[in-house]
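Colleague: Take this sequence and fold it.
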Amino acid sequence: MNMRQAAEKADAVMQQTLSGVVPRLRWNHGPSNDRICTDFKNDATGTGRVRRRIAIMTVVSAERRGSLLGVVERDWKARGYRITSVDTDPDLPAIFASTPDGFQMRVAVGGRGQFFLSITTPCFTQSPVPAPAPGPNTPHRTGGYPQPPDIHDHFWSSRDPLPASSPSTP
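Modeller: All right, here's what the predicted structure looks like:
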């Protein structure tokens with residue numbers, strides 16, 4: 001696998017993660033980058049890694065954050081991904097996972113309760129890396145990153161507690 005193929009796989013994993021969330025989330029690409037991998041002497045190895053990010057633009061209420069984290073965690077486990085760590089910080093929780101082939105993933109709650117997804121590939125043969133695909137499901141935004149979430153959803157933005165029998169309860 002080369003870096004282009006790894007980036008395409010990372011994009012596919014991110015889209016699979018988003019498709020596992022219902023109702024669907026509105027999102028935009030965050031900054032992506034690729035870096036050269038080095039050995040213990042900091043010499044180039046002819047390989048590189050790619051990092052992709054997605055910022056969730058749907059407002060997720062404090063009452064729904066645990067549910068969304070649970071949906072993502074269950075989806076990752078169902079796909080055979082290993083949960084490697086869970087940060088239970090009450091304000092900024094996160095879940096970390098890895099795919100069987102070493103892609104490292106994270107879903108995290110940031111400032112103002114905004115959700116972020118990221119994935120970093122292992123080192124692969126250097127090659128040109130395409131822009132993230134597919135295009136986001138919200139308009140491009142200008143200004144610094146991250147743009148605050150501003151899309152309200154009848155479910156995810158709701159402050160109503162979930163019913164005890166709801167399948168969305170983690």
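
Colleague: tell me what the helix or strand hosting Ser118 is packed against?
Modeller: Element membership for Ser118, per DSSP states H and E: strand 115-120. Applying 3 or more C-beta pairs under 8 Å, 6 or more residues apart in numbering; DSSP states H and E, one finds that strand 115-120 makes contact with helix 3-19, strand 44-56, helix 62-78, strand 104-109. Using the backbone N, CA and C atoms, a C-beta is placed for each residue, glycine as well.

Colleague: give me the low-pLDDT residue ranges for this structure?
Modeller: 160-170 (pLDDT under 70).

Colleague: hmm, try it at 90
Modeller: 111-112, 139-146, 158-170 (pLDDT under 90).

Colleague: Can you tell me the closest non-neighbouring residue to the spatially most central residue of it?
Modeller: The centre of the chain sits closest to Leu117, judged by C-alpha atoms, centre = their mean, with a distance of 1.6 Å. Distances taken as C-beta to C-beta, 6 or more residues apart in numbering put Ile54 closest to Leu117, at 4.4 Å, once the chain neighbours are dropped.

Colleague: who's the one you found bridged to?
Modeller: His29, Leu117 (DSSP bridges).
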